[in-house]
Every structure is written in structure tokens, then in C-alpha cells.
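Engineer: Have a look; sequence and predicted model below, questions after that.
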Amino acid sequence: MTVLTPANPKTAERIAVGRDAVLSVVHLTMRFGGLTAVNDLSFEARAGDITALIGPNGAGKTTVFNCITGFYKPTEGMLRLAHADGTVHLLERLPNFAVNRTARVARTFQNIRLFPGMTVLENLLVAQHKPLMRASGFTVLGLLGLAGYRSAETAAIDTAKGWLDRIGLMDRADDPAGALPYGAQRRLEIARAMCTDPVLLCLDEPAAGLNPRESAELNALLRYIRDAHHTSVLLIEHDMSVVMQISDHVVVLDYGCKIADGTPDQVRADPKVVAAYLGVEDEEVERVEAEVGISHGEAGA
């Protein structure tokens, strides 16, 4: 165990951080004026796991994502990202561009944000601009066609083609990304994020709008990313079939506070989670389950 003191001077408590935690969220609080969107949240995403962040609408999930990925600076708390080589980044202290470029945190959004007028292949190449710009010397070396840049360009194209083959879009490489079916655009956006070689991949409702076949394809892709690339995945998702099938670890929020944290089986059997999703108080869970014809044993099955 590594013991850390959070950056927030008001927090005297010392936090035990597991050695295998790729992301440690420690006493995260985010306020917007008088509204506390996230309140004293702590959890870990372990290296090589798929961790799901779930909860009813308005629970604060996207706010947590925005803090982790640098779109918001937390009011209080610490966000610690650990690389396999021992490098540690405190995300709350980094400029937003450095969260991706330096700490290697990649993200997709609930609303697809591809470049629709660019080709499918170009969308994956643009994600690799960092090594390409470095190979160009940040000047005109690429225009001159020097060997170093040509080698980097070939590697970028090979990486892009590898992902196109993985997501079944090789035959659409030269088509505009905006012409792809919705489910294919979802997979392309995830592949584009993976082209940045992330340590942590953050996915905001990747299954939104997908049909059952497309959801199954998404599940297979996320398992491949976890198992073959050893990339840790943190996702927000409302589709419980996706969450329960692929997640190693689930964290549940309600009104900005953590109400459960554990395996999928532990979380779905927790009365507080059932109460949050049914919109009732904890003590009313059994009564409401009986009214809708669900036994407590079925809720935890």
C-alpha cells in the first residue's frame, strides 16, 4: 500500500492507495456555485479492469468524467493516475491538454465527435498527430519527405489499419466517417481514442443508441482492449446488460455521493442501489419490489 495525503489542505485523513490502482479518486468534490455536483467521492479503478460508473440521471457521473479528463478542475480532492513504469500524475494539477498528451488519458463522449467530412482512415491518423509532429520536427520535415517522417507515417497508417481491421471497417477506410452507420461510428470513435495509446480509456455511454447486435460487438471490443492491450477502461453506462456482462468493478453514484462499490453481483444486490434506481427510500424497497412483482432474491440475481 502507498499512503498519500490529498492536495486539499482541509482533508487531514490519509488515504491508502492500492498498488494495482491505475486511477485513484480521493475525496473528489465539485461545486458549481451553491450546487454540489460531486460530494467527497473516493474510489479506485484497478489496472487492467473495466470499471463502470453508474447511477440515475443527474447522479454526477459526467461531472466525475470531466474532472478526470481535465475539462473541470475539482473544487477539492486528488486524482492520481499511475503508469506501469511507476510514473504518477496528479490529474487535477495538469493543464487539460496534458491529461491526454502527458498522462495518457483518452475519452469518448456521449454524443459522437468524429470528423464527419474526413475519411475513416484519416480520423485514426489525426489521433496520432503527436508522434507525427515529433517526427516532422514540428516544422516542414514531413513536407521534405525525410526518412524519419516517412517511417513514422508508415507506423501510423499500420496502427490505423490494424484498428480498422479489428472493428470491421477496413473496407470503409476511404469513406467519409459521417457516412458510417451509427454503431460503426461508435466503434470508430473508440478506435480513434485507442490510437493515442492511452493508459486509461474513459467512455461516456458507449452503448447509447445501439441495438442488441451492436451492443454485443461493443462488449467484444472492450474485452479485447482490456485483455489484448492491457488498457484500463472506465465507463459511464445506463445499459445494465453491458455493465453487468463486461465490468470487473462497479461504482454507483446518487446525487453526487457514492452509495455502492464492488463487483457487479455485489452492486445489483445492494438495497441502496435498488432504491436509487426505483426512486424510493431504502426502507421502501421491499414494498415497491412486491408491487411490481420482483422479489428481493430476483433483484440480487
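Structural biologist: All right, it came through fine.
Engineer: Walk me through the domains of this structure.
Structural biologist: For the chain, automatic domain parsing gives the domain ranges 1-104+199-301, 110-197.
Engineer: Can I get those in JSON lines including mean neighbour count?
Structural biologist: To be clear about C-beta, it is placed using only N, CA and C from the backbone, and glycine gets the same treatment. Shown next, in JSON lines, are the domains of the chain (neighbours: other C-beta atoms under 10 Å):
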{"stretch": "domain 1-104+199-301", "mean neighbour count": "17"}
{"stretch": "domain 110-197", "mean neighbour count": "16"}
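Engineer: I'd like these laid out as JSON lines, including mean pLDDT.
Structural biologist: Listed next are those as JSON lines, based on pLDDT from 0 to 100:
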{"stretch": "domain 1-104+199-301", "mean pLDDT": "84"}
{"stretch": "domain 110-197", "mean pLDDT": "85"}
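Engineer: Now for Ala207: which residues touch it?
Structural biologist: The contact partners of Ala207, taken as C-beta atoms under 8 Å, 6 or more residues apart in numbering, are 215, 218, 237-239, 242.
Engineer: Pull the most distant pair out of the residues you listed.
Structural biologist: Within those, two members stand farthest from each other by C-beta to C-beta: Leu218 and His238, at 13.5 Å.
Engineer: Check the contact between Met170 and Ala160; I expect there is one.
Structural biologist: No - with contacts counted by C-beta atoms under 8 Å, Met170 stays clear of Ala160, the gap being 10.1 Å.
Engineer: now the strands for the protein?
Structural biologist: Along the chain, counting by DSSP state E, strands occupy 2-4, 15-17, 21-32, 35-46, 50-54, 76-82, 88-90, 105-108, 200-204, 232-236, 249-254, 257-262.
Engineer: Adding distance to Phe115, write those strands out as a markdown table.
Structural biologist: Formatted as a markdown table, the strands of the chain follow (distance: least, C-beta to C-beta, whole Å):
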| stretch | distance to Phe115 |
| --- | --- |
| strand 2-4 | 39 |
| strand 15-17 | 38 |
| strand 21-32 | 28 |
| strand 35-46 | 29 |
| strand 50-54 | 27 |
| strand 76-82 | 27 |
| strand 88-90 | 28 |
| strand 105-108 | 14 |
| strand 200-204 | 18 |
| strand 232-236 | 23 |
| strand 249-254 | 32 |
| strand 257-262 | 36 |
